Each structure stands twice: as structure tokens, then as C-alpha cells.
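>>> Here you go, sequence then predicted model.
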Amino acid sequence: MVDRNVLISGAGIAGSTAAYWLAKAGWSVTVVERAADIRSSGNPIDVRGGAVTIARQMGIWSHLEEVATGVERLVFVDTDGRAQAMIPTRLRGDSPEEVEVARNELVDVLLEKAQETSLIIRDDSITALHQDDRGIDVQFQRTPSHRYDLIIGSDGLHSTVRRLAFGPEERFSRPFGMFVGTVRAPAPIEDPRTVLLYNEPGTSLTIHPAGGKPGFAFIFRGEHDFDYRDAEQGRRIVESAYAGGGWLTTLALKEWGASDDRYFDAVTHVDVPQWAAGRVVLLGDAASCISLFGEGSSNAIVGAKTLADSIAAHPDDHTAAFADYEHKHHKHVRQQQRGAGIASRLLVPKTRSGITIRNAALNALPFRSNRRNRDSQG
């Protein structure tokens, strides 16, 4: 058998899933990850749809069920913490065919599966790519340079691989007009099944119980010249946007400012017209996303399996493999992203009247009474 090797940039959800399946297909897999440790902050994420089948095939589904947050509803509250409206987070009732888990729980278990058969290089990143007809020479910040047959850029919203092989980030991304910040903190939890969300015009503050590891999330509208690498700038933007806010804003900002494990970034729409450039292909948020919205975690798992299957089906023809992957996965991603605008208006209305109208509309929906009846019976 011909020894074929692939380098994956990014040990997140997409990269680790792709590593697992490519190794099973007989490829020699190396994964390089910029971060030295897995970030604990970040909103909990869903695994649903086709990603559930893949998780079962990888043998991780039972673990995901064990560490699921157990959240069932999102409750919108006023400045005194009184419920104003509610929406169930599992519209299919008690179906077990989806779970919500902490982001680091999913990343952990996928990375464990990947490193069973792949080489993982941490605290390093790619600095240069040089392609020819037979392969790609890769230079790293710390690791000695090496030659690979294929490169997969699954290194997220601010992908280094995309910048090196396709062009500058601003060519493919545009701001969505919103920002998100999250921090794990000892937030007050009344019901471990309930997410609480407080709105003022253009901002939302959320407490997520996260299966016993609670935290705050700041999602808000705005336009700022922002450098995602400047953590202090991100801290100041959140503090400015929420200054003087009601409900638990003062507590949330105190925890936000004191933490050394915060996540902050602009919500961004990434759209790369073609996901392959020679022997380089993009995967996950690096290729196409509306960060925060659009089923990113499940899309990453499904896309990684689709890419690995396409490469396995065309091991000696990367052009055919990448075209097959893009043809199959592109439609899936587009369908998932269509609801981003609706979701943003639901979570962060722009005006006081928008908040009132949102709450009234939710209170008029039939699931409100159905959920109340089920809870009273349980």
C-alpha cells in the first residue's frame, strides 16, 4: 500500500473528526494545533442530525449522553428576573437523538479518538506552504518542516491555512453586526434544565447551567474596529456595551473582568467560493459559516466525515476527492445557515418594542401551554 500522509491544521471538532476517519482509511495523519490547552469557555453546543450517526459510529455517543447539559428550555426574563416568555430548546420533545454538551467536552472526546491513530502537535502553527505537482512542503513555527500529500485547513474562523493558500481573511469574511463573549463563572442557577436570558435593546445576557459548569454569555449588536488577537480590547468592548445594564449584569461583568479564560469574537459570515486550492482543502468554519449561528458543531462533524469519505474514495486524485466533498457538503451547509437572521432577531432584538413583540409572539405559540402541561405532570 502506498504511504499517504495528510496534515490537518486545527484539533477542534472538524479536525479531530477528520483525523479519526482518515486514519481508518489508511492515511498517516498529523494534526497541528495552535493552542497548548483546550479552551473551557464557549457556549454549549449541539450534536444532532447526521452528526448523531457519526458519533455512534465513532463509539462516543454514550459518553456524549452522559455529559449532556440536560437543558430543556430558554426563558426570557425581565430586569427583576421574572419570566416573560419561554421557548423549548428540544422541539422534538424527549427524543434522545440530539444532545447539548459543553464545547470542551465534545472537543476532548473527539481529540481522544483522533490521537489513538494520529500524531498531535500542540502549541505550534503553520507559517508557510509550498505546493508542487506531487505534494506540499510545510514550514512550522516550532516543528521542523515536512512534506505532505494533502493539507486540511480546519483551523476555524481566522484560518491560517486559508490565509496562506487562498488569500487574506477580509476577502472571504464579513461582519454580521454582532459580537459574542463567554466566560465560565459561578453563576446563580435556579433550575439546571433552564437557560435564562435577559435583554436590553441590542444586547442579551445569558446564564447557562451547562451541566453543573455554568457561565455567562454576552451577545450584542455593534460595529467596532476589532482585533480578535487583542484580549484586552475584547474585554473593554463587552464592558462598554453592558455598562449600567440591569438584572445580573454587574455580577456578570465582574466575573468577565476577573477571568483569564474568556472567549470573545465578532460574529462573522465566512464564505469561500471554492474550498480547494490544489492539494489544500478547507473544512468547518474555515470554509463556510456564520459563527454562533448555523449548526456549526454538527456541520463540522458531518463535513469532516464527508471529506474523509471522499478522500478514501479517490485516494490518488485529490481534485476529484475535493470536488466530491464540496458538492455533497455545500448544500448541507447552505440549508443550515438560512435561519441565522431569524435566530439573531429572536435572541437580540434591536429595540424595546422588539423585545415586547418577541415575548408576546412566543407566549402565543402552542408549545408554551404544552410545555406547562408536561411539567405539571412530571
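Here it is on my side, so go on.

>>> what sits opposite residue 175 in the beta ladder?
Beta-bridge pairing of residue 175 under DSSP bridges involves residue 268.

>>> actually residue 148, sorry about that
residue 136.

>>> from here on, count from 15
OK, 15 is where the count begins now, so the last one is residue 162.

>>> Residue 146 is in contact with that one, correct?
No - the pair residue 162 / residue 146 is not scored as a contact, 11.9 Å apart, by Cβ atoms under 8 Å. C-beta coordinates here come from the backbone N, C-alpha and C atoms, glycine included.

>>> which one of those two has more residues nearby?
residue 162 (21 against 10; other Cβ atoms under 10 Å).

>>> give me every residue that touches that one.
Shown in contact with residue 162 (Cβ atoms under 8 Å, 6 or more residues apart in numbering): 19, 20, 21, 44, 149, 150, 152.

>>> so what's the residue lying closest to the second one once chain neighbours are set aside up against?
Think residue 20. Setting aside the residues directly before and after it, residue 20 is nearest to residue 164 in space (Cβ to Cβ, 6 or more residues apart in numbering), at 4.5 Å. By Cβ under 8 Å, 6+ apart, residue 164 lies in contact with 18, 19, 20, 21, 150, 293, 294, 295, 325, 332.

>>> From these, which land in helices?
325, 332 (DSSP state H).

>>> Next step: the contacts of residue 164 restricted to strands.
19, 20, 21, 150, 294, 295 (DSSP state E).

>>> Are any of the residues you listed buried, and if so which?
Neighbour-count burial (16 or more other Cβ atoms under 10 Å) applied to the ones in strands among the contacts of residue 164 gives 19, 20, 21, 150, 294, 295.

>>> and the last one, bridged to which residues?
It refers to residue 295. Beta-bridge partners of residue 295, as defined by DSSP bridges: residue 166, residue 290.

>>> got any ranges where the stretch 165-314 of the chain has weak pLDDT?
Applying pLDDT under 70 to the stretch 165-314 of the chain flags the ranges 307-309.

>>> What ranges does it have for its helices?
174-179, 245-256, 263-272, 310-327 (DSSP state H, counting those that start in this stretch).

>>> And those helices: which comes nearest residue 85?
helix 310-327 (14.9 Å; Cβ to Cβ).

>>> Spatially, what comes nearest to residue 334 if we skip its sequence neighbours?
Residue 334's closest residue in space is residue 328 (Cβ to Cβ, 6+ apart), at 4.3 Å.

>>> which residues sit in contact with the one you found?
Residues in contact with residue 328 (Cβ under 8 Å, 6+ apart) are 334, 335, 338.

>>> Helices - which of those land there?
334, 335, 338.

>>> now the strands for the stretch 15-164 of the chain?
19-23, 42-47, 59-62, 87-91, 97-102, 112-115, 133-136, 140-145, 150-154, 160-162, 164-167 (DSSP state E, counting those that start in this stretch).

>>> so which of those comes closest to residue 268?
Residue 268 lies closest to strand 87-91 among the strands of the stretch 15-164 of the chain, at 19.3 Å (Cβ to Cβ).

>>> Distance from the closest one to the middle of the chain?
22 Å (Cα atoms, centre = their mean, to the nearest Å).

>>> Number of residues surrounding the nearest residue to residue 59 once chain neighbours are set aside?
Once flanking residues are discounted, residue 59 sits nearest to residue 311: 4.0 Å by Cβ to Cβ, 6+ apart. Here the number of neighbours of residue 311 (other Cβ under 10 Å) works out to 23.

>>> Could you double-check that residue 311 lies in contact with residue 66?
No - shown here, residue 311 and residue 66 do not form a contact pair, counting by Cβ under 8 Å, at 11.7 Å.

>>> any idea how far the residue nearest to residue 20 is from residue 224?
Computed as Cβ to Cβ, to the nearest Å, the residue 164 to residue 224 distance reads 36 Å.

>>> how long is stretch 20-28 end to end?
15 Å (Cα to Cα, to the nearest Å).
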